[in-house]
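# Pasted the sequence and its predicted model underneath.
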Amino acid sequence: MHELSLAIPISEYVLQESQGRNVEEIVLDVGMLSGIVPDALDLALQVVLQGTCAEEARITYEWQDGEGQCRFCNTRFPMKDVLDVCPGCGQMGAKILSGTQIRLTGLRFSPRRDTSQGEKPSTPMASNNPLQG
């Protein structure tokens, strides 16, 4: 499950940007050819964000088609799956040109958390967004 290895830098960046505010929504731009399983990423994020100001954040996925180029006839075409066939010649095995990305593209916050009960906001380890290319 590579989703956990993605959830860790996402959570670090989200917590850094939150500055103690409650995170209501995390928006991810995900390519259809990325291999991301939303339920698995949701679970991984739930685990790493537990007990933080982002533990109840809604995860929103904005899915983007991929693009491939046929290795036989060079036709470029949109792809939703790595096994899509070329519409020009019917062959499989296109070279993937785009659609493998995952980017954190949006965060929505509510007012700061109440830390008067001794609760400390999380301290992130990342200093910038590791998912922005």
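Arrived safely, thanks for sending.
# mean confidence score for the lengthiest helix in the chain?
The single longest helix within the chain, with elements called by DSSP state H, is helix 3-18. Averaged across helix 3-18, the pLDDT comes to 96.
# Name the residues of that helix that are buried.
Neighbour-count burial for helix 3-18, counted by 16 or more other Cβ atoms under 10 Å, picks out 3, 6-18. The C-beta positions use only the backbone N, C-alpha and C, and glycine is treated the same way.
# got the buried residues for the helix-or-strand element of the chain with minimal mean pLDDT?
Of all helical and strand segments in the chain, the minimum by mean pLDDT, DSSP states H and E falls on strand 102-112, at a mean of 90. Using 16+ other Cβ under 10 Å as the test for burial, strand 102-112 gives 102-104, 107, 109.
# could you dump the buried residues of helix 3-18 to CSV with distance to residue 51?
Putting these into CSV (distance: Cβ to Cβ, whole Å) gives the following:
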residue, distance to residue 51
3, 20
6, 20
7, 15
8, 15
9, 18
10, 16
11, 11
12, 15
13, 17
14, 14
15, 11
16, 16
17, 18
18, 13
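# Quickly name whichever of those is closest to residue 96.
Closest approach between the buried residues of helix 3-18 and residue 96, by Cβ to Cβ: residue 6, at 18.5 Å.
# Quick check: the closest one vs residue 45, distance?
Distance of residue 6 to residue 45, computed by Cβ to Cβ, to the nearest Å: 9 Å.
# Between the buried residues of helix 3-18, which sits nearest residue 68?
residue 6 (22.9 Å).
# Hmm, residue 101 and that closest one touching each other?
No. Judged on Cβ atoms under 8 Å, residue 6 makes no contact with residue 101 at a distance of 11.5 Å.
# Could I get the full set of helices for the protein?
Counting by DSSP H, the helices of the chain are 3-18, 38-49.
# Just give the nearest non-adjacent residue to residue 2, would you?
Of all residues not flanking residue 2 in the chain, residue 35 sits nearest, at 7.4 Å (Cβ to Cβ, 6 or more residues apart in numbering).
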